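Q: After the sequence you'll find the predicted model.
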Amino acid sequence: MDQEKYNQLREQLIESAQWPSLYMFKFIIPNKDEKLEAVKAIFPSGTQFAFKTSKDLRFISITVKIKMQDADAVIAIYEQTKHIEGLLAL
């Protein structure tokens, strides 16, 4: 995401939620252990993840529901995922 999209998302999050709030992140990544571990490392230990593989086992969808303190904390998570090659944030 570029900075303009982050700003737009921040505004939408501020308007649509009362913080702190439960937020759901959804990602799709290539089915490789190092990519999965990179995503998991972004979140605090003890975070619950839900995983589902594609029919051909090439991709994994990851769902994370976590209490976030504010819109900026959500943006920070998305910024940390930028370096993971092949990751698609939904």
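A: Arrived safely.

Q: show me where the protein has strands.
A: 21-30, 49-53, 59-68, 88-89 (DSSP state E).

Q: Relative to residue 39, how far out is the residue lying farthest from the centre of the chain?
A: In the chain, the residue that sits farthest from the middle, by CA atoms, centre = their mean, is residue 56; the gap is 22.9 Å. Distance of residue 56 to residue 39, given as CB to CB, to the nearest Å: 20 Å. Backbone N, C-alpha and C define where each C-beta goes, glycine included.

Q: Got phi/psi on the residue farthest from the centre of the chain?
A: phi -90, psi 10 (degrees, to the nearest 10).

Q: OK, contacts around the residue positioned nearest the centre of the chain?
A: The centroid of the chain falls nearest to residue 25 when counting by CA atoms, centre = their mean (4.1 Å). Residues near residue 25 by CB atoms under 8 Å, 6 or more residues apart in numbering: 62-66, 77, 89.

Q: Where does pLDDT dip in this structure?
A: 1 (pLDDT under 70).

Q: For the closest residue to residue 23 other than its chain neighbours, grab the count of nearby residues.
A: Take residue 23 and drop its neighbours on the chain: the residue closest to it by CB to CB, 6 or more residues apart in numbering is residue 68, 4.5 Å away. Residues lying near residue 68 (other CB atoms under 10 Å) number 19.
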